[in-house]
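[1] just need the structure, nothing else, for what follows:
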Amino acid sequence: MTATIPSALGQPLDRVDGFAKVSGSARYSAEIPLPDMAYAYVVGSRIAAGRVTEIDVSAALAEEGVLAVLTHRTLPKIAEQPPLIPSLAGTAAPAQTFFPMQDDTVHYAGQQIAVVVADTWERAQHAARLLRVTYEETPPVTTLDQGRDRTYVPERIFGGLIPGRSERGDVNAALQDADIRVDATYTYAANNHNPIESSCTTAQWDGDELILYDATQGVNATQMTVSRLLGVPMSKIRVLGHYVGGSFGCKAMIHAHSTLAAMAAREVGRPVKLALTREQMFTSVGHREEQEQHVTLGATREGRLTAIRHHKLSPTSHFDDWAEPSVGVSSQIYACPAYEGEYRLFRANTMTPTFMRAPGEASGMFALDSAMDELAHELGLDPLELRLLNHTDVDAMSGLPWSSSGLRECYERGAQRFGWAGRDPRPGVRRDGNWLIGTGMATASYPVSPLANPQRARARVYADGTALVQAATPEFGTGVATVMTQVAAEGLGMSVERCRFEFGDTDLPNIAAAVGSAGAGMISAAVHSAATALRGQLIASAVGDPGSPLHGADPVDVVVRDGVMTAGTASESYRDLLVRNFRPDAEAVGQWTPPHDIPYGMMTFGAQFAEVAVDAELGLVRVRRMTGAFAPGRVLNAKTARSQLMGGMLWGLGQALMEANHMEPDTGRWVSASLGEYLVPVNADAPDVAVELVEVEDDIVNPLGVKGVGEIGQVGVAAAIANAVHHATGRRVRKLPIMIEDLL
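    Coordinates of the predicted model:
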């Protein structure tokens, strides 16, 4: 069949949901109006370790409007605790293998110990403050220093997907024989999730059927998880999540509040809305864990890597072996014969950490490419030259060729746009008044995520000449509704204006949670499959229809543009075909099954460049400009792709200079528990950001060759900024975030 001539893909189309969002007609999970709504307020533990000995609920229940108080004594037991499997696998995806309020044990501060339900949110909050809770407290373990003497190497991490230790070659021998070695330890403060929309679930029962309005990256993941926890068949649960106000990982796994909302609604016999407060977001939806990474590089005098050792230490919960897969970047992206990666964990009084944008790669690349910059400085090599010298066309761990790369082009185009050539390598020599000026760069890489289950979409063309394409995925700010409208239009051979994409409902065809930058690739593959299947069906109907001008034509010769099928001089529109045959519509379901065991490495690549100014007396760091060049495969919408990449780069700035939280060792509580203390970049902090898109063809990853841009924009930014700070000041900072006191 002749492919439709692309007209929409890659174009910077404005968001199709833009008007709904700016006008307020787009409804988020906390904005669903239901009759007779009740409101739930979660009460968190004030201690980090021990047990609840008593909860006096009498004063709360006596308050006007209070409908119920659920505690570990009154909350029903869950039917089953599903295993911790990342949501990209397309299965039930609980955030941790622990569900609260099943007994009196307290594992971490903020753990849910009660839910108060009232007829208004204010009454529920007030009644929650009247609970009298007594505890039996034990000393918590929360910080790296407290856990160093109780570490272990897990068999696997990250929901069982990644081994706790991996190696190739003989690292000890290679380091011993190396001409030059870099040995450094890098530390990281914990980061907390703070999307614009805090997490919320609204639950409504109709007999034995449950409807959930959930702020989630995957409505199917919520459906499957709540089904397992409640013991309610999936066919009895419908989850809607049309619009989500940002996620970045905290809404990828399904946290306890979604199920608690359903339990509360069943208890009081009316709809219940459970919205987490901003403070509860710090204790209820996971975080990027505090961590320490130790990197040792061995190299020849010419700069070729001979050994990489990358070890990581971090806390995990009492019940899960979770760690960001930070050491993986060192195993793959540079040519090196010997590698050793290891994760060391210790059980701490914390909830299980979770996905946070570029989980593992953002933190791992800070350590690896800071060490690479140190190596370049020791050897007297340009940092870009060192990376080109160790560039590899294969996955260094598996030895398989990349399905596509584009990394060299990213280095070249990024350096050219940034103006890297002619850089004086000497630290601390360039000034602008009292400001010390420095530039730095780093590599960016992010894996193309493997998915487990088939992804599906449905396409329908109506007799009025319009089209509807459906898939269950929510829209959480990435522009998926816009981009999939473009994919549908291209596949059907119709104008974008006559196509509509419907999303965010488990009654629609299944799509796994859009995490790990996999959304654009997997959803576009399913939508493309459905659209092209329907196009083929309509062409077949036309050439087999004696009443059609296309009757008897070879389907291969039929081209579709603007909804009109043409072969030679004969043509007929979809509309005329359907109307003549008294058909109100035609539809097809498309399916894409991700490839497995293919002989290629799959990775998205990029290069980051940054210029900083450091006040020589005050230690203030200001990022003046950043340039990122990225090779994300086929770009489906240049505007939304640039927006995603720019957002990732600015978050990388925040990771490098601002975002930090610490647990108080004696209480196990976060020191910063609101946006009053937890710093994130604002517009005044944003420098000039330039984004270069390097399109590379890739016919391996998925039908349209899409790799995704959700996370790659953040990877390498912190390293580029830290390297620029060293270039400006001559001082090497091996911690995130870089603070004023580190430079005084």
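[2] low-confidence ranges in the stretch 501-650 of the chain?
    Nowhere does the stretch 501-650 of the chain drop to pLDDT under 70.
[3] quick one: low-confidence residue ranges for the chain.
    If you take pLDDT under 70 as the line, the chain has these spans: 1-7, 452.
[4] cutoff 80 now
    1-7, 450-452 (pLDDT under 80).
[5] and the longest helix anywhere in it, what's buried?
    Taking DSSP state H as the criterion, the chain has its longest helix at helix 519-543. By neighbour count with 16 or more other Cβ atoms under 10 Å, helix 519-543 contains the buried residues 519-535, 538-539, 541-543. Where you see a C-beta, it was placed from the backbone N, CA and C, and this is true even at glycine.
[6] next one: stretch 576-587
    D576, L577, L578, A586, E587.
[7] which of the residues you listed fall in strands?
    Filtering the buried residues of stretch 576-587 for membership in strands, criterion DSSP state E, returns A586, E587.
[8] max pairwise distance over the buried residues of stretch 576-587: which two?
    Using Cβ to Cβ, the buried residues of stretch 576-587 span at most 18.1 Å, a distance reached by D576 and E587.
[9] could the buried residues of stretch 576-587 go into TSV alongside distance to S199?
    Formatted as TSV, the buried residues of stretch 576-587 follow (distance: Cβ to Cβ, whole Å):
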residue	distance to S199
D576	49
L577	47
L578	44
A586	40
E587	35
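[10] would you check that L704 makes contact with L636?
    Yes - assessed by Cβ atoms under 8 Å, L704 is found in contact with L636 at 7.3 Å.
[11] shared neighbours of the two, which are they?
    Counting by Cβ atoms under 8 Å, 6 or more residues apart in numbering, the common neighbours of L704 and L636 are L9, V487, S524.
[12] could I get those as TSV with distance to V429?
    Formatted as TSV, the shared contacts of L704 and L636 follow (distance: Cβ to Cβ, whole Å):
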residue	distance to V429
L9	47
V487	51
S524	48
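[13] can you give me the distance of Q111 to P140?
    12 Å (Cβ to Cβ, to the nearest Å).
[14] also D214?
    31 Å.
[15] looking at the two, which one has more neighbours?
    D214 (29 against 25; other Cβ atoms under 10 Å).
[16] would you list every one of the helices in the stretch 501-650 of the chain?
    519-543, 574-580, 638-657 (DSSP state H, counting those that start in this stretch).
[17] nearest to L13, of those helices?
    The nearest among the helices of the stretch 501-650 of the chain, by Cβ to Cβ, is helix 638-657 at 6.9 Å.
[18] beyond that closest one, next helix or strand please.
    strand 688-693 (DSSP states H and E).
[19] just checking, what packs against that next one?
    helix 407-418, strand 621-631, helix 638-657 (3 or more Cβ pairs under 8 Å, 6 or more residues apart in numbering; DSSP states H and E).
[20] now tabulate the ones you listed in TSV and tack on mean neighbour count and distance to L379.
    Shown next, in TSV, are those (neighbours: other Cβ atoms under 10 Å; distance: least, Cβ to Cβ, whole Å):
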stretch	mean neighbour count	distance to L379
helix 407-418	20	18
strand 621-631	24	24
helix 638-657	24	25
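[21] let me know which of these is the nearest to A444.
    Closest among the helices and strands packed on strand 688-693, using Cβ to Cβ: strand 621-631, at 6.9 Å.
[22] for the closest one, C-alpha coordinates in PDB please.
    Presented in PDB, the C-alpha positions along strand 621-631 are these (Å, rounded to 0.1, in the frame of the first residue of the first chain):
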ATOM      1  CA  VAL A 621      26.200  31.200  40.700                       C
ATOM      2  CA  ARG A 622      24.200  32.400  37.800                       C
ATOM      3  CA  VAL A 623      23.700  30.300  34.700                       C
ATOM      4  CA  ARG A 624      23.800  32.700  31.800                       C
ATOM      5  CA  ARG A 625      23.000  30.400  28.900                       C
ATOM      6  CA  MET A 626      22.500  26.800  28.100                       C
ATOM      7  CA  THR A 627      22.600  24.900  24.800                       C
ATOM      8  CA  GLY A 628      21.300  21.400  24.300                       C
ATOM      9  CA  ALA A 629      21.500  19.300  21.100                       C
ATOM     10  CA  PHE A 630      19.500  16.100  21.100                       C
ATOM     11  CA  ALA A 631      18.900  13.200  18.700                       C
END
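[23] between it and helix 638-657, how big is the angle?
    Counting by axes from the mean of the first three to the mean of the last three Cα atoms, to 10 degrees, strand 621-631 lies at 140 degrees to helix 638-657.
[24] what separates strand 621-631 from the chain centre, distance-wise?
    21 Å (Cα atoms, centre = their mean, to the nearest Å).
[25] that's all I had, so thanks and see you.
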